[in-house]
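In: Please work out how this folds:
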Amino acid sequence: MTSPIDLFTLKNIHFIGIGGIGMSSLARHFMAEKKVVRGSDRELTDLTKTLASEGIQVCCPQSIDNIAPDTQLVIYTEAVTPGSDGWAELEQARQNNIPCVNYFEALGLAMNPYYLIAVAGTHGKTTTAAMLTDIFEAAAKDPTAVIGSLRAKTQSNYRAGKSKYAIVEACEYKRDFLFLRPEILVITNIELDHVDYYSSLADVQDAFKTLVSQVSDNGVVVCNTKDPNVIPVLEGAQAKIVDYTEFLDLQLALKQPGLHNKLNAAAAITAALQEKINRNDASQTLTQFAGTWRRYQYKGELNEVPIYDDYAHHPTAIAMTIDATRELYPDKRIVTVFKPHTYSRTAALFADFAKSFAGADQALFLPIYGAREENVTGVTSRELAVKTLEYVSDAQYFDSHQSLEEYLRSHLVRGEVLIVMGAGDVTLVANDLVK
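Out: Prediction:
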C-alpha cells in the first residue's frame with residue numbers, strides 16, 4: 001500500500017467528511033503544517049464549528065461546488081460510499097483528476113516519516129494512545145499525536161509536536177492500519193470485530209500479523225504475549241517483542257476504574273520504557289490522566305443518579321465497562337442503555353451481547369444504529385432485549401430516544417448509576433438527560 005503523493009509539495013487539501021473524529025484530527029495536523037485546509041460534512045456539529053473557529057473552512061451541505069479549483073488533494077472518510085452524502089464531491093474530484101485517498105492512506109502519508117508509535121487492538125486503542133501522549137508530553141518528548149477521541153486534558157484529538165515522535169491510533173477495519181509503518185507497535189488485544197469485513201478471528205489475526213511484519217526490524221512490538229489470540233500474530237516477527245503484562249501495576253491509582261484501564265496503562269508505560277522514559281515518572285503522569293471523550297465520561301446527574309457516557313459497542317467492552325462501574329459503585333444499582341452499532345456486528349455476536357449485560361441490574365435497548373449497512377439479517381434490538389432476559393432480570397426495548405428519555409426521567413432514583421453505551425448517536429441520550 002504505497003502512494004506517489006508528495007505531501008511536502010501540496011498546499012491545498014480538501015476533506016470529505018471532515019467532522020469525523022479521525023478526519024478532524026488529521027485536518028488539524030495539516031493546518032499545523034501551514035497548509036490550506038477545507039472540508040465538508042453533511043451536518044454542522046460542535047466539532048466542525050470548532051474547526052471553523054481554528055481557521056478551517058467547513059462547507060455544509062456537501063456539494064460538488066465545494067471542490068475548489070486549486071484543490072491538490074482530497075481526503076475522504078470511508079463512510080463516503082456510492083449514494084451517500086459526499087459521494088458527488090468525491091466523483092467531482094476524480095473527474096478533475098485530483099488525487100483522492102481515504103483517511104487511513106493519508107494518515108500513513110503524514111505519519112510514516114516520523115518515529116511512529118502506533119496503537120492497535122480491538123479495545124483500548126484510544127485510551128492507550130491518549131495515555132502515551134500524556135506520558136511523552138510530560139517527559140518533554142514533544143510528540144505529534146492523532147487520537148480517536150478528544151483528550152479531556154485539552155479537548156482536542158490532535159497534538160502538534162516538534163520532535164521526531166508521532167503517536168497514532170491504528171484501526172484494523174478493512175486492514176486500514178496496513179498503511180502504517182511503525183517503529184513501535186502496541187497491540188492492546190485482539191478479538192473478532194468488524195464482522196462486515198472480517199470473516200473470522202483468524203482473518204483478523206492475519207491482518208495483525210501483516211502489521212507486525214511491517215514494524216521496523218529494529219523496532220518493538222508491545223503486547224500481551226500470553227494472550228492466545230495474540231500468540232499466532234507474533235510468529236515470524238523480526239521486531240523485538242515485549243510483554244506489557246510484566247509491567248502491570250494493580251495498585252496504580254488511575255482516575256478511571258477497571259482492570260482494562262490498568263492494562264491500557266501497562267501497555268502505555270511499556271511503550272514509553274522503550275524510549276528511555278522513567279517508569280515511575282510515567283506511572284505518576286497516569287495518576288493524573290483525565291481520560292477522553294466518551295470513554296467512561298462522567299456527564300452529570302439526573303435525580304441524583306450519576307450518568308456516564310461510554311463508547312463500548314462490543315460485548316467484551318460492555319462487560320468490562322459494567323465491571324468497572326461495579327468497582328466504582330459497589331453498592332449502587334447499575335442501569336445500562338445500549339444502542340447496538342451495525343446490524344452485522346449485532347447479528348454475529350448476538351448471544352455474546354446478551355450475556356455481556358449479566359453484571360447489570362437493568363438493560364435498556366434502543367434500535368440498532370445501522371451506520372453504513374442494510375439490515376439483511378433482520379436482527380433487532382427488541383430480540384436482543386428478550387435474549388438478555390436470560391442474564392438480567394429487567395431488560396426492555398424502546399423505539400426512540402424520546403420514549404427512553406421519558407422513561408428514565410420518571411424512573412431513575414437515588415441509589416442507581418446509569419451508563420449510556422454505543423458507538424453511534426446514543427451519546428445524545430446522555431447529553432439530553434443532564435441538560
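In: Find the residue at the geometric middle of this structure.
Out: Residue closest to the average C-alpha location in the chain (Cα atoms, centre = their mean): residue 148, at 4.6 Å.
In: what about the closest residue to residue 44 other than its chain neighbours, distance to residue 102?
Out: Leaving aside its sequence neighbours, residue 44 sits nearest to residue 60 (Cβ to Cβ, 6 or more residues apart in numbering; 5.1 Å). All C-beta atoms are positioned from the backbone trio N, CA, C, and that covers glycine. Using Cβ to Cβ, to the nearest Å, we find residue 60 at a distance of 21 Å from residue 102.
In: Over to residue 432?
Out: According to Cβ to Cβ, residue 432 and residue 102 sit 33 Å apart.
In: Neighbour count for the two, which is higher?
Out: Counted by other Cβ atoms under 10 Å, residue 432 and residue 102 do not tie: residue 102 has more neighbours, with 20 against 16.
In: quick one: contacts for that one?
Out: Residue 102 is in contact with 75, 76, 77, 78, 176, counting by Cβ atoms under 8 Å, 6 or more residues apart in numbering.
In: do that again at 6 Å, thanks
Out: Neighbouring residues of residue 102 by Cβ atoms under 6 Å, 6 or more residues apart in numbering: 76, 78.
In: Residue 325 and residue 333 touch, don't they?
Out: No - in this structure, residue 325 is not within contact of residue 333 by Cβ atoms under 6 Å, at 10.6 Å.
In: The two: which has the busier surroundings?
Out: When residue 325 and residue 333 are compared for neighbours, residue 325 comes out ahead with 25 against 15, by other Cβ under 10 Å.
In: Helix, strand, or coil at that one?
Out: Of the three states, residue 325 takes helix under DSSP: H, G, I helix; E, B strand; the rest coil.
In: For it, list the residues it contacts.
Out: The contact partners of residue 325, taken as Cβ under 6 Å, 6+ apart, are 334, 419.
In: what do you get if the cut-off is 10 Å, keeping everything else the same?
Out: Residues near residue 325 by Cβ atoms under 10 Å, 6 or more residues apart in numbering: 257-258, 296, 306, 308, 310, 332, 334-336, 359-360, 417-419.
In: ok, now residue 423?
Out: 294, 310-314, 317, 339-342, 345, 369, 371 are the contacts of residue 423 under Cβ under 10 Å, 6+ apart.
In: again, 7 Å this time
Out: 311, 313, 341 (Cβ atoms under 7 Å, 6 or more residues apart in numbering).
In: mind checking how far it is from residue 272?
Out: 28 Å.
In: And the helix or strand hosting the residue nearest to the centre of the chain, what's buried?
Out: Residue 148 belongs to strand 144-151 when assigned by DSSP states H and E. Of the residues in strand 144-151, those buried by neighbour count under the rule 16 or more other Cβ atoms under 10 Å are 144, 145, 146, 147, 148, 149, 150, 151.
In: Kindly report the same for stretch 57-74.
Out: Buried positions in stretch 57-74, judged by neighbour count with 16+ other Cβ under 10 Å: 58, 59, 60, 62, 66, 67, 71, 72, 73, 74.
In: Also stretch 189-203?
Out: For stretch 189-203, the buried set under the neighbour-count rule, 16+ other Cβ under 10 Å, comprises 189, 190, 191, 192, 193, 194, 195, 196, 198.
In: confidence score at the last one?
Out: On the pLDDT scale, residue 198 is placed at 97.
In: Tell me how many other residues surround the residue nearest to it when sequence neighbours are not counted.
Out: With Cβ to Cβ, 6+ apart as the measure, residue 204 is the residue that lies nearest to residue 198, at 4.9 Å, once sequence neighbours are left out. Burial of residue 204, expressed as a neighbour count using other Cβ under 10 Å, amounts to 23.
In: ditto for residue 261
Out: Neighbour count of residue 261, defined by other Cβ under 10 Å: 24.
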